[in-house]
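Peer 1: What would the 3D arrangement of this be:
(2 chains)
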Amino acid sequence: MDYIKRAKVGVMLGEHVNTDAIFPARYLVLFSPEEVKKHLFEDIDPTLSGRVRGMAVTGDADFGCGSAREQGLTALKYGEVEMLVCKSFSRAFYRNGFNNAFPLFTADCPEPMAEIVSEGDELEANFTTGELRNLTTNRAFRCSPTPEFLIALLREDGIWNMVNNHPELLEKRP
Amino acid sequence: MRNMTQMILWEKTGKELLCGETAFADVDVVMTHDVGTAGVAPLVEQYGLEHFAPGLEMVVILDHFVPASNLTQANSHVIARNFVKKWNVEHFYEVGRGGICHQVMLEDGFARSGQLVVATDAHVTTYGGAGCMGLGVGVTDAAIALATGKIWVRMPKTIGVHLTGELSSGVTAKDLSIELLRTFPFSQLNYAVVEFFGPGISTLSMDQRFCLCNMLSEGGIKSCLVAGDALTEEYMRVHARGSYRVIAPEEGAKYDLRREVDLGDVVPMVALPHHPTNGAPLSEVRGKPIQQAFIGSCTNGRLEDLRAAAEILQGKKINEHVRLVVTPGSQKILFQAIEEGLISVFIAAGAMVTNPSCGACIGASSLLAPGERCISTSNRNFRGRMGSVDAEIYLASPVTVAKSALVGMITD
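Peer 2: Numbers count the residues shown, from 1 in each chain, chains lettered A, B, ... in the order given. Sure thing, here's the model as predicted:
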């Protein structure tokens, strides 16, 4: 069965949204969900976190760049953002997303984000086929499928469950 | 004909992975700093671990909020100390005994040629200067590595940069890396491993190689590797605390993208606010007044950087409208800088010399007020990173920062 997520877009952000903008470095020592979610997007707009709960967030290229800090990702998860749809993601941010079973959809179709979606539109992202559908405008966009291993991380609810459920993955190499 | 990425990842996964394929790789060393340890500690409890994976080295280094300047930071250090005690972590660097984690990992020989190190910090790419693959991860990956001794990896695309020539006088690896970040599109660097090789390598000191691999992290790379040579071998012989294997790409090794760079073509560069890829030649930026200058960080807090700055500042006074903050990268570097008289030069010039730590780079101290401008040797100039979101950060080499501190404006 295809892995599909659907959500309305709460905010559209630009390119190079860095981890300091998602979760400022001054709070780095905070890890509890209650503390972390309070500071989501604080330096962009302190009211933004309230407007993205239960919604999708979109961004352009290089979302999550900068630090490998996991709170850049968990702030979105604990803040109950449904999914991220971006042109591309920074590597460590991308890993942190799938390790925590948080859906990050890479919208690498040729069309720019502004053509794909507007704030308030409802998006349906099919991670298995790579099809991104704007249900409000009824347009579909062809993007790369998410690799199987990463979809498995989403289905298994993260990396810790996966390594426990599939010890064969960790078998000593020949 | 393997490139260095294939050499390391094929060995560590036991599979000849093709680009895009995923597998679990054996990890040699896990390093967490104070912030990372505070995040990893509750996870390993949550996972119910009884011990860490055998054969894995673990290093804990306090560096981000050193010294602790509020109770939350002090408590995070307590979490780290308790973690070290509970899990019998053999290698722990207390406040005042180590310095910036990446520098400590290199000078104390935990980052070794041909090995795979996982750390809760993006600038782990620095180790590539010694041919060690450093992967920056979040706390979950670090905890998984401690539990299993492994990390999942996706075989990356590789970029080969063939270096020829020699950097001109006054031009450094910092300028080279800002130039590379300016010209390589993000779409090419993202998730790639960048490998440097060619005759130009031997003209770069180890400190220059570390700076290059550190700074390239800002392009979104997975990692960075410099081909090993006699200098690498010598560095490993002196520093390595355990086995290593100096590596270089095999003759005819293939890359997804290859680029030629003549080091002689590189000019002094500055990265403009608010992203390290916003590079411009220094000649186009000069004249902007500054209020703060910062020499330090895991990019440019090494001995060679301090020597270059001291040479410029020797016998001179910093501009009266500027404060210069100098933060040596480690206790060893600080000690050596004292021995060489560099610290006296900085103090006589009117600089503030701080303890080794991440300090001003992450806005842990020496904050910028709204409207202020700083020229910094660090690696990130994101809005708000060093203090106010209404301040500006320009990134440059220690040479450029020292010269600018003297005249009170960005200068060449």
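
Peer 1: Just give me the neighbour total for the closest residue to residue A:136 other than its chain neighbours.
Peer 2: Leaving aside its chain neighbours, residue A:136 sits nearest to residue A:121 (3.9 Å; criterion: C-beta to C-beta, 6 or more residues apart in numbering or on different chains). For the C-beta atoms, the positions are set from N, CA and C on the backbone; glycine is no exception. Here the count is done by other C-beta atoms under 10 Å in any protein chain shown, and residue A:121 has 17 residues near it.

Peer 1: Go ahead and confirm residue A:121 touches residue A:135.
Peer 2: Yes: using C-beta atoms under 8 Å, residue A:121 makes contact with residue A:135 at a distance of 7.5 Å.

Peer 1: Need the overlap of contacts for the two.
Peer 2: Common contact partners of residue A:121 and residue A:135 (C-beta atoms under 8 Å, 6 or more residues apart in numbering or on different chains): none.

Peer 1: picking up where we left off before, mind listing what the residue nearest to residue A:136 touches?
Peer 2: Here residue A:121 is in contact with A:8-9, A:134-137 (C-beta under 8 Å, 6+ apart).

Peer 1: Got a PyMOL select line for the buried ones in those residues?
Peer 2: Entered in PyMOL, the line below selects the buried ones among the contacts of residue A:121, by 16 or more other C-beta atoms under 10 Å in any protein chain shown:
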select buried, chain A and resi 8+9+134
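
Peer 1: Now the contacts of residue A:121 in JSON lines, please, with extra columns for pLDDT and secondary structure.
Peer 2: Converted to JSON lines, those look like this (pLDDT from 0 to 100; DSSP: H, G, I helix; E, B strand; the rest coil):
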{"residue": "A:8", "pLDDT": "98", "secondary structure": "strand"}
{"residue": "A:9", "pLDDT": "98", "secondary structure": "strand"}
{"residue": "A:134", "pLDDT": "98", "secondary structure": "strand"}
{"residue": "A:135", "pLDDT": "98", "secondary structure": "coil"}
{"residue": "A:136", "pLDDT": "98", "secondary structure": "coil"}
{"residue": "A:137", "pLDDT": "98", "secondary structure": "coil"}
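
Peer 1: Against residue A:170, how distant is the closest residue to chain A within the stretch 101-250 of chain B?
Peer 2: With C-beta to the nearest C-beta as the measure, residue B:138 is the residue of the stretch 101-250 of chain B nearest to chain A, at 3.3 Å. Residue B:138 sits at a distance of 19 Å from residue A:170 (criterion: C-beta to C-beta, to the nearest Å).

Peer 1: Near chain A, which residues of the stretch 101-250 of chain B are found?
Peer 2: Within the stretch 101-250 of chain B, the residues that sit near chain A (C-beta under 8 Å from any C-beta of the partner chain) are B:120-122, B:136-141, B:143-144, B:147-148, B:150, B:152, B:154, B:186-187, B:190-191, B:218, B:220-222.

Peer 1: Among these, name the buried ones.
Peer 2: B:120-122, B:136-141, B:143-144, B:147-148, B:150, B:152, B:154, B:186, B:190-191, B:218, B:220-222.

Peer 1: So which of the residues you listed belong to strands?
Peer 2: Using DSSP state E, B:136, B:150, B:152, B:154 are the members of those that sit in strands.

Peer 1: Quick check: chain neighbours aside, which residue is closest to the third one?
Peer 2: Beyond its immediate neighbours in the sequence, the residue positioned closest to residue B:152 (C-beta to C-beta, 6+ apart) is residue B:24, lying 5.4 Å away.

Peer 1: so where do the helices sit in the stretch 51-200 of chain B?
Peer 2: Using DSSP state H, counting those that start in this stretch, the helices assigned to the stretch 51-200 of chain B run over residues B:71-86, B:101-107, B:139-148, B:173-183, B:186-189.

Peer 1: same check, this time on the stretch 201-350 of chain B
Peer 2: Along the stretch 201-350 of chain B, counting by DSSP H, counting those that start in this stretch, helices occupy B:206-215, B:230-239, B:297-300, B:303-313, B:331-339, B:342-349.

Peer 1: Surely residue B:251 touches residue B:1?
Peer 2: Yes: contact criterion C-beta under 8 Å: residue B:251 and residue B:1 qualify, at 6.6 Å.

Peer 1: rewinding a little: how much space between the closest residue to the residue of the stretch 101-250 of chain B closest to chain A other than its chain neighbours and residue B:210?
Peer 2: The shortest distance from residue B:138 to any non-neighbouring residue, by C-beta to C-beta, 6+ apart, is to residue A:70 (3.3 Å). For residue A:70, the distance to residue B:210 (C-beta to C-beta) stands at 25 Å.
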